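>>> Would you be able to build a 3D model of this:
(chains A and B)
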Number of protein chains: 2
Amino acid sequence: MADKQFVKEIADINADFPQWYTDVVLKTQLVDYGPVKGTMVIRPYGYAIWENIQKELDARFKATGHQNAYFPLLIPKSLLDKEAEHVEGFAPEVALVTEAGGEKLAEPCVVRPTSETIFSTMYSKWINSYRDLPLKLNQWANVIRWEKTTRPFLRTSEFLWQEGHTIHATREESLAETIDMLHLYSDFARDVLAMPTFIGQKSEKEKFAGAEATYGMEAMMLDGKSLQAGTTHHFGQNFSRAYGIQFLDKDSTHKYVWQSSWGVSTRLIGAVIMAHGDQRGLVLPPKVAPVQAVVIPVAAHKAGVLDKASELAECLRAKGIRVELDARDQSPGWKFNEWEMKGVPVRIEVGPRDIEQGVVTYARRDTCDKATMPIGGIAEGIASLLDEIQSNMYSKSLAFRDSHVKLAHNMQELGKILDDKCFAKVVWDRDPACEALFKEKFQATVRVMLDEEPFQDVCTACGRKGDNLSVALVARAY
Amino acid sequence: MADKQFVKEIADINADFPQWYTDVVLKTQLVDYGPVKGTMVIRPYGYAIWENIQKELDARFKATGHQNAYFPLLIPKSLLDKEAEHVEGFAPEVALVTEAGGEKLAEPCVVRPTSETIFSTMYSKWINSYRDLPLKLNQWANVIRWEKTTRPFLRTSEFLWQEGHTIHATREESLAETIDMLHLYSDFARDVLAMPTFIGQKSEKEKFAGAEATYGMEAMMLDGKSLQAGTTHHFGQNFSRAYGIQFLDKDSTHKYVWQSSWGVSTRLIGAVIMAHGDQRGLVLPPKVAPVQAVVIPVAAHKAGVLDKASELAECLRAKGIRVELDARDQSPGWKFNEWEMKGVPVRIEVGPRDIEQGVVTYARRDTCDKATMPIGGIAEGIASLLDEIQSNMYSKSLAFRDSHVKLAHNMQELGKILDDKCFAKVVWDRDPACEALFKEKFQATVRVMLDEEPFQDVCTACGRKGDNLSVALVARAY
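Residues are numbered from 1 along each chain as shown, chains lettered A, B, ... in the order given. Below is the predicted model of the structure:
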C-alpha cells in the first residue's frame, strides 16, 4: 500500500538525521500523524513492534512477581493536587475534561499524564496490614502530556506505555525494587532491542516530580545524542503521606508504605530506529521484528517456484519464525528494496536455479551479506541465523557506543567531545551551577550518574576539588 | 488481602440478583469504583480474566487476517460531526477536552466513544487503489461514554474493548466480514466463555448510529435478562462518503469503499459472572480463569506436606496449567471458602493421609463434587478435568438457556414468559409500533431477529397478518 503522502526518498542519514528519521518512520508505515496536534496513529507495522516489546516485557514483569491491572483514565483534578511537587511538575502538560454528557463538570478531570495519584488513592483504600504488602502492580495504558514540540514515538501528546506502581513495608524493599526494575529494563534493552544502555541515578534537576530519586536508562543514538529510554522512581513516603497509604505493621503500629514507580513507552520504538537504522531504512533486531524473514520467489512464473517458496515459508512458520511470503506482482528488485527499507532481518530468495541446486539464497539485513543455505534443515538454519543477527546487532551497537564515549577533564574537552557527536564522562561535584554550565555552554545535560570511581580529583565544570565528586554521563539528548 | 470496604456476606442470588452481582465483583476483588463517577478500577484478578479473553480473541482475529494498530484517543470535535446519524447518537455521551497545556483549545477534542470517525479519516489518506483493499484493522483501547447509570463491567463511563474497522472493495465482502465476525464472537463465547448466545440482526431502532445494519450477540443471564455481549456493524458507504474514502478500482473508476466495524468489551467479564455464578460466588470457565487450580496443603505443619504440595503445583505449572499454591497461615476451611468464592475451577487438597495413599483429593467448582485422583499422572488428570469442566459448564448453560426460551403467540403469553424470567421468541411484522409495545407493556426489547421460519402467520404484538414477518427474540435486557 503506497500512501497518498508517499515519501519519495529517504534523506541522507549523515547530513540530516532528523529528516532521515521522519522519512523512515513515514515511508515504512510505522506511524502517521493524527488529526490532533502532536498525536500519532501507530500503524500495523509499528504496532507489531510494540506488541513484541510488550510480550517480552510483560513476561519479565510477571516472572518477577508483578500483576497487571487497569486504573481509570480520568482523575479528578483535586487528586492531582495532593502531592505538591508532582502537581507542579505535571500541571503545565495536562489535558482537562471540563464537559461530559452534555454538562459542565462540577470538577474538571485530568486525562492521566501518569498514574501515581490514582494508584495511591486506591492503595489507601485497599491496604490494611503488612500481610497486604508488597503490592506490585503494573498497567499497560495510554497517557496524555501536552507537548509543545512533538516527533513520532519520541515525544507525542499521547503515547502508550506501561507504568508499574509498587508499595512496600520498608524503605530497603522499595529501593531494591526501584533498582531491580532499572536492571530489568537494561537487560531487556540488551537482550531484546540489541541496545546497550547506561544506567544510573538522575540529578536532582532531572528527577521525576514528586520522587526522592529517579534512575534512568540512556541509550546512544547514531547521531551521538542520548535518548532516555526508561526511568524508575523511588518515592520514599512522599505519596503515601500525601494520600494516606498506611498499614498496620507486625509491631502493631501504623506506618506509611514505601513506594516506587517505573515505566517505558512507545518511545522505545524510536530508540530502536535511531540505534540501528542505516541509509536504506530500518534495521530491526529479530526479537522485535514483525517479520523476521521474507521469502521472495524469483522468476515466480516458472513451474514449481511459487510452490517451493510457499512450502519454505510454511516450514519456517512451523518453527515459530515470523515469516512472510511476498507473492505480489512487483519485480524481485522492487521487493528487495521495500523489505530492506522495512528492516526485515533475513530475505530469502527462491528461484529455479536455487531449487535445482537444493539451496536458497539469503541476504542478512544487518551486514548486507548474501550467501546460500541448503533447503534441507532450512528452519534450523534460519533460526540460528536470526540468533546470530540479534547478537551481531548488539555487538555492533556496543562497539559503536564504546568508541563514542570519552573522558572530559575540563570544559574545553567536553565541548570537543560533544561536537564530535560523542558522550562524555565528566567528574561532577553535584553543584547545580556546574550542571547549568553544561546546558548553557553546550546544550548538554547530565544524563545519569555512573557507578564509577572519579578519574580525576577536580570537577570537570568548575575545576575545583570537592568531597562529593561523581562520574556523570553528559550528552545532548532527545 | 481483605479490603477496608470488605463485603461481609454475598446477597441471596435468587432474592436480589443485582446485589449479589455487586457483592461478588467487590468481594472477589475483580473491580473497585474509581474516584470519577461511573469509572472502575479493574483489579488484578479481574484484569487477568480480561487478559485471557484478549489472548484468545486476538489469536482468532490474527488467524482471520486482521492486524492491530493504535489510533489516537482524542478526536477533533469537527471530525465527529461529519456523519450526521453518528454524531446524533454519540454527542449526548461524549467527554470533551477543552483545555490542555494550560490553554483553552481552539477546537475542543472528543475523548473517543468509538473510533469510526478517526479510522475513516486516516483510511481516506491511506487508500489509493483496489490493491490496498481489504484493509482489516483492529485496536485494543479504552473508550469513554458518559453514562447516567453505571455498574462495574456492565456499563461504565470508561471501559476497555477492541474495535475492528475494515474497508473493502465490494458490498458483498464487507457484509461477509460483518457476518463472519459475528460468528467469530459467538464461537468464542461458546468455546472460551462456555456461554451459548443468540445471534442475529438488530432492529432499526436498536442499530448503531450511522450503520446500515447492526448484528448482535445476546447471552442469557441467570436472572433471565439478556446481555448484549458483542455487536458487528455494516456501514455500507455511509462513512466512506462522509469521510471521502475512495479507491481506484480495476475498471479505472473511483469508488467509495464498503465498511464494517465490530467490538466486544470488558462487559464480557460481567457476562461470565452472571451466566455462571452461584450463591458461593464466581464460577469461572477454565479457559478464562486466572487460576485454574489451587493446591491447598492440609495439616501443612506435618513433615512432607508442604513439599509435596509445592511439588504438585510445579508439576501442574510445567503442564501449562495456571496453578496457585496457597501456603498462607489461614485454616484450610477458610481457604476453601475463599477459592470457591473466587470461582477457581479445581481445588486440590494435599494432606498426610493423601500422600500416604498416593492420591490427592480434589473438588470441582462447577459441580461441587469431591473425589480423589492418583498423584502419578496428576498433570494429565487435572488437564483433562479442566477440559471436562469447560465442556460441562457450556452444556449446563445451554440446557438452562434452552429451558428458558418460549414461544409467545400473543401479548398475554409474552408477558407471562417475561415474568417467568424467560426469553420469548415472537413473530414480529417489523412495525416499530409493535416494537414500542414490547417496551411499553413489558419493559422488554427486540434483542435480535433470528434466522428462523415464523411459527405463526400473525404478529405477536398486533395479531395482524403481514408479508414481512420475522422471528425475533424479545427479552428484558441489561
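
>>> Could you list the domains of chain A?
A:17-276, A:293-385, A:405-475 (automatic domain parsing).

>>> Turn those into a markdown table, columns for mean neighbour count, distance to chain B and mean pLDDT.
Quick note: C-beta positions are derived from backbone N, CA and C, even for glycine. Shown next, in a markdown table, are these (neighbours: other Cβ atoms under 10 Å in any protein chain shown; distance: least, Cβ to the nearest Cβ, whole Å; pLDDT from 0 to 100):
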| stretch | mean neighbour count | distance to chain B | mean pLDDT |
| --- | --- | --- | --- |
| domain A:17-276 | 21 | 3 | 97 |
| domain A:293-385 | 17 | 9 | 95 |
| domain A:405-475 | 18 | 23 | 97 |
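
>>> how about those, which one is nearest B:N68?
Among the domains of chain A, domain A:17-276 comes nearest to B:N68, with 5.2 Å by Cβ to Cβ.

>>> picking up where we left off before, of all the domains of chain A, which one comes closest to B:L284?
domain A:17-276 (16.8 Å).

>>> Show the end-to-end separation of that closest one, please.
Domain A:17-276 has an end-to-end distance of 13 Å (Cα to Cα, to the nearest Å).

>>> again with stretch A:24-32
For stretch A:24-32, the first-to-last residue distance is 11 Å (Cα to Cα).

>>> now swap in stretch A:34-43 and tell me
The straight-line separation of the ends of stretch A:34-43 (Cα to Cα) is 11 Å.

>>> Identify all contacting residues around that stretch.
A:29-33, A:50, A:146-147, A:150, A:152-153, A:156-160, A:266, B:69-76, B:79, B:109, B:118, B:121-122 (Cβ atoms under 8 Å, 6 or more residues apart in numbering or on different chains).

>>> what do you get if the cut-off is 6 Å, keeping everything else the same?
Under the contact criterion Cβ atoms under 6 Å, 6 or more residues apart in numbering or on different chains, stretch A:34-43 has outside partners A:29, A:31-32, A:147, A:150, A:152, A:156-158, B:69-72, B:74, B:76, B:109, B:122.

>>> before we move on, what about stretch A:236-248?
Here stretch A:236-248 makes contact (Cβ under 6 Å, 6+ apart) with A:82-83, A:116, A:120-121, A:123-124, A:127, A:129-130, A:210, A:212, A:254, A:256-257, A:259.

>>> ok, which stretches of the stretch 101-250 of chain A are helices?
With DSSP state H, counting those that start in this stretch, the ranges of helices along the stretch 101-250 of chain A come out as A:116-126, A:171-191, A:238-243.

>>> Those helices: which one's closest to A:N392?
A:N392 sits nearest to helix A:171-191 of all those, at 13.7 Å, using Cβ to Cβ.

>>> same for the closest one, what does it pack against?
Helices and strands in packing contact with helix A:171-191 are listed as strand A:213-220, strand A:226-236, strand A:258-265; criterion 3 or more Cβ pairs under 6 Å, 6 or more residues apart in numbering or on different chains; DSSP states H and E.

>>> Turn these into CSV, including distance to A:C422.
Listed next are these as CSV, based on distance: least, Cβ to Cβ, whole Å:
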stretch, distance to A:C422
strand A:213-220, 9
strand A:226-236, 11
strand A:258-265, 25
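
>>> How about A:V350: what's its closest non-neighbour residue?
The shortest distance from A:V350 to any non-neighbouring residue, by Cβ to Cβ, 6 or more residues apart in numbering or on different chains, is to A:A309 (4.4 Å).

>>> didn't A:K207 look like it was pressed against A:G216?
No - with contact defined as Cβ atoms under 6 Å, A:K207 does not reach A:G216; the gap is 9.2 Å.

>>> tell me the phi and psi of the residue located most distally from the centre of chain A?
Checked against the mean C-alpha position of chain A, the extreme residue using Cα atoms, centre = their mean is A:A303, at a distance of 46.1 Å. When quoted as degrees, to the nearest 10, the phi and psi of A:A303 stand at phi -60, psi 130.

>>> shouldn't A:G46 be in contact with A:D32?
No - in this structure, A:G46 is not within contact of A:D32 by Cβ under 6 Å, at 9.3 Å.

>>> Mind picking the two most distant members of the contacts of stretch A:236-248?
Put simply, by Cβ to Cβ the two of the contacts of stretch A:236-248 set farthest apart are A:S129 and A:G210, 25.9 Å from each other.

>>> which helix in chain A runs the most residues?
In chain A, assigned by DSSP state H, the helix with the most residues is helix A:378-402.

>>> Could I get the full set of strands for the stretch 1-150 of chain A?
For the stretch 1-150 of chain A, the strands defined by DSSP state E, counting those that start in this stretch cover A:31-33, A:40-42, A:67-68, A:74-76, A:95-100, A:103-111, A:135-144.

>>> and the end-to-end length of stretch A:253-264?
Here stretch A:253-264 reaches across 36 Å from its first residue to its last, counting by Cα to Cα.

>>> Centre of the chain to that stretch, how far?
Between the mean C-alpha location of stretch A:253-264 and the chain-wide mean there is a distance of 24 Å, by Cα atoms, centre = their mean, to the nearest Å.

>>> which residues are contacting that stretch?
With Cβ under 6 Å, 6+ apart as the criterion, stretch A:253-264 contacts A:116, A:161, A:163-168, A:171, A:174, A:177-178, A:181, A:230, A:232-235, A:237, A:239-241, A:245-246, A:248-249.

>>> What of stretch A:374-384?
Applying Cβ under 6 Å, 6+ apart, the set of residues contacting stretch A:374-384 from outside is A:293, A:315-316, A:319, A:358-359, A:373.

>>> A:L473 reaches A:T197, doesn't it?
No - counting by Cβ under 6 Å, no contact exists between A:L473 and A:T197, whose distance comes to 10.6 Å.

>>> All the strands of the stretch 351-478 of chain A, residue numbers only.
For the stretch 351-478 of chain A, applying DSSP E, counting those that start in this stretch gives strands covering A:359-364, A:370-374, A:405-408, A:423-428, A:445-450, A:470-475.

>>> Which secondary structure state is assigned to the residue nearest the centre of chain A?
By Cα atoms, centre = their mean, chain A has its centre lying nearest to A:L268, at 2.1 Å. Using DSSP: H, G, I helix; E, B strand; the rest coil, the secondary structure recorded for A:L268 is helix.
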